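With the sequence up front, the predicted model follows.
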Amino acid sequence: MFKAPRGTRDFLPDEMRERRYVETCLRRVFEDYGYREIVTPTFETLELITAKSGEEIKEHLYHFKDKSGRNLALRPELTAPVMRLYVNKLQFEAKPLKLYYFGSCFRYERPQSGRYREFWQAGVELIGSPYPEAEAEVIVLAADALDRLGLKNYELAIGSIGTLRAVLEESGVKGEDQNPIMSAIDKGEGLQELLDQKNVGERGRRILMGMLELRGDKDNVISSAENLLSDSPKALKELENLKTLLAFLEEYGVSRYVLDLGIARGLDYYTGVVFEIYAPRLGAEKQICGGGAYSLAEVFGGKPVATCGFAFGFDRLVLALKKERKSIAPSASRGCLVVPMGEGMLSTAIKVSRFIRKNNLCELELGRRRLRKALGYADRRGFRYVAIVGESEVERGCVVIRDMESGEQREVEIEKLKELKL
RNA sequence: GCCGCGAUAGUUUAGUGGUUAGAAUAGGGGACUGUGGAUCCCCUGACCCGGGUUCGAUUCCCGGUCGCGGCCCCA
């Protein structure tokens, strides 16, 4: 017996129906906001991935040499490929440029529930607007998608890496030197040593540590932050930006969130607002969405451009929905099963199925079952109608159409089945 | 990569150092030759893999594989 490789899954028809339902809903919301779909390759050059995330990422990648010795990697996420595509082909499009994607990603991680080695991401990138209304729209879009899917139990946390970076900058830690500190904040360890190393003074530390504590209600967090940053003009400016963004969220009707100025996300390219969405019922792997404002185009050789976006962990989203309700996409009974009464009726039944299929989902009974068994099969498979092809009706040029829900039956002329709309 | 738990029909499970490994459910058929969801009967169908201990291992031990709960990381 062969098994699917570790961390991968087969999706059975019932599950695929649910996944497609969620996927379709996400696509619709993305498109309602004006995003257009793109598809990038399943594998990329290894250098693209490491340029974005560093050499350490190789530990978590499926990477390999192809037969010509090219270093390649299965994509671990889609932001880098999308930005590569942007730099390659779309830099000179009218801005802002709104793109969305849906695709599988691969990571070499220890699998557990909500964490797979092949998993799906659905997300958007909004390229070319540096303004808070763009960032606000992206957050709103994520929340709106969850609302439209009917997910009740989720927590939106908004932070500002821009503010943290400004604090560091005012303490003399500039540019890339900030990254290890951001990463330490995210991990929650090794921060003090790094601050020693970079000679961050008493004042800078006090402000930074204070900021990391700020989590909760918007008004409280903002006013505390303003106090803390009263002598830090650059950080205050970032905070102003955040306040504007939050005011826009209010206009959109999004007020269900916590402000958490300690979110660092540990990723070097985030520059401004960041946000995360959790489905608390999922346990350890509860983050279903992550995003924010970042700066990546220049890493891939393009002109710097303000970008924001997010990615949903599609599988986790589906899991979260499943935890909340029995059925994600209730399947209505539909279509018609054509049942020949005996082998003699088969060729007529084939014609009947061909006619009905012109306008309807239609399946021919292929098991040579008796009528009783065929009706049972139709019932279990959720057919709304059964067309019974029996000798006595066929002699009159008719078949019986049975409605499986009401039990009502009527005779329909075979020739008229071409126009039949069930 | 680390810590812990687990693995028996398609699914949910019972049980055992020597058993025809039991059930429920699903699947096929029949009772019921052209009218479903019920009932009854029959059939199909399982001890994850490899080593060790043993007269004998599905059961005990070790390793692997896969899964699960955490850590790390992330989605």
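Great, that's in hand.

so the closest residue to A:Leu422 other than its chain neighbours, which of the three states?
Spatial nearest neighbour of A:Leu422, chain neighbours left out: A:Asn360 (4.8 Å); criterion: Cβ to Cβ, 6 or more residues apart in numbering. Quick note: C-beta positions are derived from backbone N, CA and C, even for glycine. Three-state assignment for A:Asn360 (DSSP: H, G, I helix; E, B strand; the rest coil): coil.

need the contact list for A:Asn360.
Taking Cβ atoms under 8 Å, 6 or more residues apart in numbering, we find A:Asn360 in contact with A:335-336, A:420-422.

quick one: average pLDDT of the helix or strand containing A:Asp219?
Secondary structure assignment for A:Asp219, by DSSP states H and E: helix A:218-228. When pLDDT is averaged over helix A:218-228, the result is 92.

Could you tell me the per-residue confidence at A:Phe383?
According to the model's per-residue confidence, A:Phe383 sits at a pLDDT of 94.

ok, it touching A:Arg334?
Yes: contact criterion Cβ atoms under 8 Å: A:Phe383 and A:Arg334 qualify, at 7.4 Å.

more crowded one of those two?
Counting neighbours by other Cβ atoms under 10 Å for A:Phe383 and for A:Arg334 shows that A:Phe383 has the greater number, 25 against 12.

Look up which helix or strand the spatially closest residue to that one that is not a sequence neighbour falls in, please.
Beyond its immediate neighbours in the sequence, the residue positioned closest to A:Phe383 (Cβ to Cβ, 6+ apart) is A:Leu337, lying 4.4 Å away. In this structure, A:Leu337 is located in strand A:336-340 according to DSSP H and E.

where does A:Glu44 land in three-state SS?
When states are read from three-state DSSP, the local structure at A:Glu44 comes out as strand.

Pairing partners for it in the sheet, please.
Counting by DSSP bridges, A:Glu44 forms beta bridges with A:Ala73.

Enumerate every residue touching it.
Contact partners of A:Glu44, counting by Cβ under 8 Å, 6+ apart, are A:72-73, A:75, A:80-81, A:84.

Then A:Lys65?
Applying Cβ under 8 Å, 6+ apart to A:Lys65 gives the contacts A:71-72.

Quick check: beta-bridge partners of it?
Counting by DSSP bridges, A:Lys65 forms beta bridges with A:Asn71.

I'd like the distance between it and RNA strand B.
Separation of A:Lys65 from RNA strand B (Cβ to the nearest atom of the strand, to the nearest Å) stands at 20 Å.

For A:Gly172, grab the count of nearby residues.
Neighbours around A:Gly172, by other Cβ under 10 Å: 12.

which residues sit in contact with it?
In this structure, A:Gly172 makes contact with A:198-201, A:204, judged by Cβ under 8 Å, 6+ apart.

just the buried members of the residues you listed?
A:198, A:200, A:204 (16 or more other Cβ atoms under 10 Å).

Looking at those residues, spot the one nearest A:Arg19.
When the buried ones among the contacts of A:Gly172 are compared for distance to A:Arg19 (Cβ to Cβ), A:Lys198 wins out at 46.2 Å.

so the closest one makes contact with A:Gly175?
No: the pair A:Lys198 and A:Gly175 fails to qualify as a contact (Cβ under 8 Å) at a distance of 11.8 Å.

Point out where the stretch 151-300 of chain A drops to low pLDDT.
A:188-189, A:265-268 (pLDDT under 70).

so where do the strands sit in the stretch 1-150 of chain A?
With DSSP state E, counting those that start in this stretch as the criterion, the stretch 1-150 of chain A has strands at A:36-37, A:43-45, A:63-65, A:71-74, A:97-106, A:118-127.

same deal with the stretch 201-350 of chain A?
Under the criterion DSSP E, counting those that start in this stretch, the stretch 201-350 of chain A carries strands at the ranges A:215-216, A:258-260, A:270-278, A:287-294, A:307-313, A:336-340.

ok so, going back, so which of the strands of the stretch 1-150 of chain A is nearest A:Ala293?
When those are ranked by distance to A:Ala293, counting by Cβ to Cβ, first place goes to strand A:118-127 at 9.3 Å.

May I have the strands that pair with the strand holding A:Leu337, each with its orientation?
Using DSSP bridges, strand A:336-340 pairs in its sheet with strand A:362-364 (parallel), strand A:385-389 (parallel).

on that earlier part again, elements contacting the helix holding A:Asp219?
The helices and strands touching helix A:218-228, judged by 3 or more Cβ pairs under 8 Å, 6 or more residues apart in numbering; DSSP states H and E, are helix A:202-213, helix A:233-252, strand A:258-260.
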